[in-house]
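Q: Coordinates only, no sequence provided:
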């Protein structure tokens, strides 16, 4: 796990959100954000649009991302 965390700065991923972002309240201190995007990985275009999901939670008065997943979409 430590090796994976150490390698994160090397994973150059960029994205541009397409359309609107949907936010759902899951509870008083949790929320989910979903959107469609396109982007690049390691400087090369990703061949399809992606669907991204992000779960955030509030702890000690600060919102932090707890989960992030990107799934390729078919055109």
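A: Received it, and whenever you're ready, just let me know what you need. Everything numeric here is computed off the predicted structure, so don't read it as measured data. Residues are numbered from 1 along each chain as shown.

Q: which residues does the closest residue to residue 54 other than its chain neighbours contact?
A: The spatially closest residue to residue 54, leaving aside those adjacent along the chain, is residue 33, at 4.5 Å (Cβ to Cβ, 6 or more residues apart in numbering). For the C-beta atoms, the positions are set from N, CA and C on the backbone; glycine is no exception. With Cβ atoms under 8 Å, 6 or more residues apart in numbering as the criterion, the residues that contact residue 33 are 21, 22, 23, 53, 54, 56.

Q: Find me the pLDDT at residue 33, would you?
A: Among the per-residue scores, residue 33 holds a pLDDT of 97.

Q: Dig out what it forms beta bridges with.
A: As for beta bridges, residue 33 partners with residue 23, residue 54 under DSSP bridges.

Q: distance of it from residue 63?
A: According to Cβ to Cβ, to the nearest Å, residue 33 and residue 63 sit 11 Å apart.

Q: anything in contact with each of the two?
A: Residues touching both residue 33 and residue 63 (Cβ under 8 Å, 6+ apart) are residue 56.

Q: worst-scoring helix or strand of this structure, pLDDT-wise?
A: helix 2-7 (a mean of 80; mean pLDDT, DSSP states H and E).

Q: From the contact counts, what lies against it?
A: When contacts are defined as 3 or more Cβ pairs under 8 Å, 6 or more residues apart in numbering; DSSP states H and E, helix 2-7 sits against none of the other helices and strands.

Q: got a list of contacts for it?
A: Outside helix 2-7, not a single residue reaches it (Cβ under 8 Å, 6+ apart).

Q: wait, what's in contact with residue 68?
A: With contacts taken as Cβ under 8 Å, 6+ apart, residue 68 has the following neighbours: 52, 53, 54, 55.

Q: any idea of the pLDDT on the second one?
A: Turning to residue 53, the model gives it a pLDDT of 97.
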